[in-house]
Each structure stands twice: as C-alpha cells, then as structure tokens.
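Engineer: have a look; sequence and predicted model below, questions after that.
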Amino acid sequence: MSDGTILVTFGELESARSSIQATWTSISQEMEDLKRYLQPMVETWTGDASSAYQAHQAKWDRSARDLNQVLNQIGVALGTSNENYQAGEAANRARWS
C-alpha cells in the first residue's frame with residue numbers, strides 16, 4: 001500500500017501456497033502423460049535419433065526438477081510467512097487482552 005502498511009490475508013497466503021502445489025502437480029502429470037504418449041515412438045528410435053532424444057529428455061527432466069524445487073521453496077516460504085503472520089497477530093492480540 002502507498003502509506004507503507006502491509007495487508008496480509010491468511011486465507012490468501014494459504015490459497016497461494018495450495019495453488020502453487022496444485023500447479024506443480026498438474027505440470028508433473030502433464031509431463032508424465034506426454035512421456036507415456038511418446039514412449040511407443042521413442043522405442044523405435046535408434047542411433048543418433050535415440051541419443052539426441054535421451055539427451056534432450058534428460059535436460060528437460062533436470063529443468064523440471066529445478067522448477068519443482070523452486071515451486072516447493074515458494075510454497076514453503078508462503079506457508080512459513082502465513083504461520084509467522086498469524087503468530088504475530090496472536091501475540092499482538094494477547095498484548096491487548
């Protein structure tokens with residue numbers, strides 16, 4: 001906000017964390033489906049075609065693992081932020097009780 005305040009909505013933080021997890025699950029499923037779809041064709045490739053595909057698939061798999069790691073880190077950070085903001089709010093409420 002322009003006045004320097006931060007507005008945190010716990011439900012939105014949790015929703016964002018859940019959305020990131022669901023997005024990764026969906027991406028993973030799509031990638032597995034694509035591999036299954038391609039497998040019959042891939043099995044017919046030999047020589048340079050097979051080697052090239054395997055190299056590119058390995059690169060793709062590494063990138064997917066990297067993406068998963070980043071999404072997991074974001075999800076953990078959102079979860080931790082949510083917990084910390086809730087703990088801070090509870091502590092502030094306790095001061096006024």
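Structural biologist: Cool, the structure landed. Keep in mind the model is a prediction, meaning the values are calculated, not measured. Numbers count the residues shown, from 1 in each chain.

Engineer: alpha carbons only for contacts and neighbour counts from here, please
Structural biologist: OK.

Engineer: Thr44 in helix, strand or coil?
Structural biologist: Reduced to three states with DSSP: H, G, I helix; E, B strand; the rest coil, the structure at Thr44 is coil.

Engineer: give me the most central residue, this protein.
Structural biologist: A centroid search over the chain (C-alpha atoms, centre = their mean) returns Leu71, at 2.7 Å, as the residue closest to the centre.

Engineer: for that residue, give me its contacts.
Structural biologist: With contacts defined as C-alpha atoms under 8 Å, 6 or more residues apart in numbering, Leu71 is in contact with Ile20, Gln21, Trp24.

Engineer: state the mean pLDDT of the one helix or strand Ala52 maps to.
Structural biologist: When secondary structure is defined using DSSP states H and E, the element that contains Ala52 is helix 47-96. Per-residue pLDDT values across helix 47-96 average out to 94.

Engineer: can you point out the buried residues in stretch 80-91?
Structural biologist: For stretch 80-91, burial by neighbour count (16 or more other C-alpha atoms under 10 Å) applies to Ser81, Asn82.

Engineer: chain center to that stretch, what's the gap?
Structural biologist: In terms of C-alpha atoms, centre = their mean, to the nearest Å, the centre of stretch 80-91 is found 22 Å from the chain centre.

Engineer: right, I'll call it a day here.
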